[in-house]
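Colleague: Below are the sequence and a predicted model for it; my questions follow.
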Amino acid sequence: MNNRQRSLLFVLVVILGAAACGKTPATNFYTIPLPAAKPASSSAALQLGVDRPRAAHLLRQDRIVYFTSNNELNYYQYHRWAEPPVFLVQSALIRHLQGAGLFDNVVPYRAQKGLDYVLRGRLLAMEEVDGPGGVTARFGLEIELVRQKDNQVVWTGRAGREKSVASKSVDAVVEAMGAAANESLDELAGSLRAAAARLPAAEEAKR
């Protein structure tokens, strides 16, 4: 092997080594656990559409957000939600309300007509918070039930939780976030159950 060949081989080894060192880490995707689906058991044949909640920009993209102070936030680059949080929460709301049996049919709202009620709201928080006392997962949601025929708000609810994270890992953050979200949604479904007893039957709601 002559000097020229040795030089070319050396350059090739350096290039391959640099490429190996600069390999992009794999991106991990996460979701929150949902309760098992249950058949509807409502005695009132009411149709409910669940709208995607409104949210600030940071909760309308798929990167997991973490706060290091009240005013400083960042994103995990290679740890992301499987869908933006507003979509995850919409799916979770639908599953919780299907299980609660408050309505005969619960579907995603896509501006369709023929529904009795529409559930809409705002996702207030779904983020990791790093503080002096440790790491917590913070979730908050406010929603309102709207009668579709006249756009009248008939019920409002708000719930939120902060859950301690067992270890400083994204897996632990996601687990705590799932617990915070599901407890909040259970609380909202319970509050809505009391309000549902005062809702008119489907025929009356559509008059």
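Modeller: The structure has been received and is ready for your questions.

Colleague: Could you use CA atoms for every contact and neighbour count after this?
Modeller: Noted.

Colleague: If we go by neighbour counts, what in the helix ranked longest in the chain is buried?
Modeller: Secondary structure of the chain per DSSP state H: the longest helix is helix 170-196. Going by neighbour count (16 or more other Cα atoms under 10 Å), the buried part of helix 170-196 is 170, 172-189, 192-193, 196.

Colleague: Show me what it is packed up against.
Modeller: helix 85-100, strand 117-131, strand 134-147, strand 152-164 (3 or more Cα pairs under 8 Å, 6 or more residues apart in numbering; DSSP states H and E).

Colleague: Give me the mean pLDDT for the second one.
Modeller: The average pLDDT for strand 117-131 rounds to 96.

Colleague: That one versus strand 152-164: what angle between them?
Modeller: 20 degrees (axes from the mean of the first three to the mean of the last three Cα atoms, to 10 degrees).

Colleague: contacts for strand 117-131?
Modeller: 46-56, 59, 64-69, 85-86, 109, 135-148, 173, 177 (Cα atoms under 8 Å, 6 or more residues apart in numbering).

Colleague: buried subset of the residues you listed?
Modeller: 46-55, 59, 64-67, 85-86, 109, 135-148, 173, 177.

Colleague: can you redo the helices and strands packed on helix 170-196 as a markdown table with distance to residue 25?
Modeller: Formatted as a markdown table, those follow (distance: least, Cα to Cα, whole Å):
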| stretch | distance to residue 25 |
| --- | --- |
| helix 85-100 | 23 |
| strand 117-131 | 21 |
| strand 134-147 | 24 |
| strand 152-164 | 28 |
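
Colleague: Would you mind telling me which of these is nearest residue 76?
Modeller: Taking Cα to Cα, strand 117-131 is the member of the helices and strands packed on helix 170-196 nearest to residue 76, at 10.4 Å.

Colleague: Okay, buried residues for the closest one please.
Modeller: 117-130.

Colleague: Looking at those residues, which is nearest residue 155?
Modeller: residue 119 (9.5 Å).

Colleague: what is that closest one paired to in the beta sheet?
Modeller: Applying DSSP bridges to residue 119 gives these bridge partners: residue 50, residue 145.
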